[in-house]
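>>> Just to be clear, the model below is a prediction. Sequence and coordinates:
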Amino acid sequence: MEADVFSYFFAIGAGLTLGVAVIVLPSTYLVKRIIKGGKKNVQTR
């Protein structure tokens, strides 16, 4: 019984970390691109 509960929580934790990684990695990449683009726009002006 305890092993089942542990594996259940472990699966939830792994799913959450995976979901967070999938959401955070692309967003940070986009933010970096936006910041770089903004700096380039400022320099060209």
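That came through fine. If you're wondering where the values come from, they're calculated on a predicted model, not measured in any experiment.
>>> hey, where'd the strands end up in this structure?
In the chain, no strands are defined using DSSP state E.
>>> So, low pLDDT: which residues of it?
Scanning the chain for pLDDT under 70 picks out the ranges 1, 40-45.
>>> what residue lies at the spatial centre of it?
Centroid-nearest residue in the chain, with CA atoms, centre = their mean: residue 24, separated by 1.7 Å.
>>> Pull up the gap between that residue and residue 17, please.
Between residue 24 and residue 17 the computed distance is 10 Å (CB to CB, to the nearest Å). In this view, the C-beta of every residue, glycine as well, is placed from N, C-alpha and C.
>>> hey, where'd the helices end up in the protein?
Using DSSP state H, the helices of the chain run over 2-44.
>>> Give the burial count for residue 8, as a bare number.
For residue 8, the tally of surrounding residues (other CB atoms under 10 Å) stands at 10.
>>> Apologies, that question was intended for residue 20.
Residue 20 - counted by other CB under 10 Å - has 10 other residues nearby.
>>> Tell me the gap between stretch 22-35 and the middle of its chain.
Remark: stretch 22-35 is offset 8 Å from the chain centroid, using CA atoms, centre = their mean, to the nearest Å.
>>> If you count neighbours, what's buried in that stretch?
Residues of stretch 22-35 classed as buried by neighbour count (16 or more other CB atoms under 10 Å): none.
>>> contacts for that stretch?
The list of residues contacting stretch 22-35 from outside it, by CB atoms under 8 Å, 6 or more residues apart in numbering, is empty.
>>> Only alpha carbons, please: show that stretch as CSV.
This file holds the C-alpha atoms of stretch 22-35, laid out as CSV (Å, rounded to 0.1, in the frame of the first residue of the first chain):
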residue,chain,number,x,y,z
VAL,A,22,7.8,22.1,-21.3
ILE,A,23,6.2,25.5,-20.4
VAL,A,24,9.3,27.3,-19.0
LEU,A,25,11.9,26.4,-21.6
PRO,A,26,10.1,27.8,-24.7
SER,A,27,8.9,30.9,-22.7
THR,A,28,12.5,31.7,-21.6
TYR,A,29,13.7,31.2,-25.2
LEU,A,30,11.0,33.6,-26.5
VAL,A,31,11.8,36.2,-23.8
LYS,A,32,15.5,36.1,-24.7
ARG,A,33,14.7,36.5,-28.4
ILE,A,34,12.3,39.5,-27.5
ILE,A,35,15.0,41.1,-25.3
